[in-house]
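**Student:** Give me a model of this one.
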Amino acid sequence: MKPLILLIEDDAQIRRFLRAALDAEGYRLQESITAEEGLAQAASRQPDLILLDLGLPDRDGLEVIQKIREWGKIPILVLSARGQEKDKIAALDLGADDYVAKPFAVGELLARIRAALRRSITRVDGAGSLVHFGPVEVDLEKRVVRVDAKEVHLTPNEYKLLQVLIQHAGKVLTQRQLLNEVWGPQHTEQAQYLRVYIAQLRRKLERNPARPKYLQTEPGVGYRLVPEE
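**Tutor:** Numbers count the residues shown, from 1 in each chain. Now for the predicted structure:
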């Protein structure tokens with residue numbers, strides 16, 4: 001059975017557009033036009049993924065993310081005309097899995113949906129101990145990292161940062177989230193730590209650190225590990 005997607009969006013034109021695009025890909029779709037209806041549908045239908053607009057008529061979409069994260073880990077992909085970085089950061093910090101600003105290209109949106117669904121399946125089935133992306137192999141059980149089959153030494157914090165990125169592969173992680181998970185809550189404002197360690201990881205893992213393919217920056221927001229399709 002194809003994945004069920006819950007669309008919480010009050011704009012009728014966007015709903016029609018997404019209905020056609022998702023139907024063409026074979027997804028099942030449930031639509032809600034208010035936050036309250038969307039929350040009820042999320043709880044009762046248990047969709048595989050939620051597409052959420054932030055500008056809803058009865059409640060801010062950020063509150064919807066917060067409410068859903070109180071009881072579930074359903075992937076949430078935010079769609080919003082709010083293009084400011086603070087809105088993206090707020091949504092991601094509250095637990096959204098990804099963020100696509102309106103207007104968006106349907107191809108990009110579908111790719112982000114596929115990535116979020118893959119991450120969800122991995123969480124359910126359990127990730128294997130060996131992770132590959134590009135020339136990199138990470139043995140999570142033995143804590144060994146290889147590039148082109150040659151072992152690469154990482155410092156404890158470099159490895160911990162890479163491990164967190166792998167655990168959320170494909171998902172944007174804000175600077176605050178990464179700093180909290182790797183260095184602890186007392187360091188959540190020290191973004192320079194992150195810039196230094198990301199640069200070090202790129203030098204050790206990327207073929208061209210100046211143009212990273214896997215450890216990508218989301219400007220003003222954070223970072224994302226992009227696995228190969």
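**Student:** out of everything not next to it in sequence, what's closest to the most centrally placed residue in the chain?
**Tutor:** The centre of the chain sits closest to K171, judged by Cα atoms, centre = their mean, with a distance of 2.3 Å. Nearest residue to K171, sequence neighbours excluded (Cβ to Cβ, 6 or more residues apart in numbering): D97, at 5.3 Å. Where you see a C-beta, it was placed from the backbone N, CA and C, and this is true even at glycine.
**Student:** Verify the stated contact: the residue nearest to the centre of the chain with D98.
**Tutor:** Yes: using Cβ atoms under 8 Å as the test, K171 is close enough to D98 to be in contact (6.3 Å).
**Student:** tell me, what's touching these two both at once?
**Tutor:** Jointly contacting K171 and D98 under the rule Cβ atoms under 8 Å, 6 or more residues apart in numbering are A116.
**Student:** And the pLDDT for E37?
**Tutor:** The score at E37 is 96. That number is its pLDDT.
**Student:** list the helices and strands the strand or helix carrying Y197 packs on?
**Tutor:** Taking DSSP states H and E as the definition, one finds Y197 inside helix 191-205. Where contact means 3 or more Cβ pairs under 8 Å, 6 or more residues apart in numbering; DSSP states H and E, helix 191-205 is packed against strand 144-147, helix 156-167, helix 175-182, strand 215-218.
**Student:** any residues touching it, and which ones?
**Tutor:** With Cβ under 8 Å, 6+ apart as the criterion, helix 191-205 contacts 136, 145, 147, 152, 154-155, 157-158, 161-162, 175, 178-179, 182-183, 187, 209, 212, 214-215, 217, 223.
**Student:** buried set for that helix?
**Tutor:** 193-194, 197-198, 200-202, 204-205 (16 or more other Cβ atoms under 10 Å).
**Student:** ok, of these, which one's closest to D87?
**Tutor:** Lowest distance from D87 to the buried residues of helix 191-205 (Cβ to Cβ) belongs to L194, with 20.7 Å.
**Student:** For stretch 12-26, which outside residues touch it?
**Tutor:** 2, 5, 7, 9, 29, 31, 33, 51, 53, 79, 102, 106, 109-110.
**Student:** domain assignment for this structure?
**Tutor:** 4-125, 130-225 (automatic domain parsing).
**Student:** Now do the end-to-end distance for stretch 38-53.
**Tutor:** Distance across stretch 38-53, first residue to last, is 11 Å (Cα to Cα, to the nearest Å).
**Student:** Over to stretch 211-227?
**Tutor:** Length of stretch 211-227, first residue to last, Cα to Cα: 15 Å.
**Student:** can you check stretch 20-33 too?
**Tutor:** Stretch 20-33: ends 17 Å apart by Cα to Cα.
**Student:** So for the helix or strand bottoming out on mean pLDDT in the chain, what gets flagged as buried?
**Tutor:** Sorted by mean pLDDT, DSSP states H and E, the helices and strands of the chain end with helix 106-125, the least confident at a mean of 78. Of all the residues in helix 106-125, those buried under the rule 16+ other Cβ under 10 Å are 109, 112-113, 115-117, 119-120.
**Student:** Could you tell me how far that helix lies from the centre of the chain?
**Tutor:** With Cα atoms, centre = their mean, to the nearest Å as the basis, helix 106-125 stands 9 Å off its chain's centre.
**Student:** and the following helix or strand past it, what does it pack onto?
**Tutor:** With elements assigned by DSSP H and E, the helix or strand that comes after helix 106-125 is strand 130-133. Contacts defined by 3+ Cβ pairs under 8 Å, 6+ apart place strand 130-133 against strand 136-139.
**Student:** A149: what's it in contact with?
**Tutor:** Contacts of A149 by Cβ under 8 Å, 6+ apart are E137.
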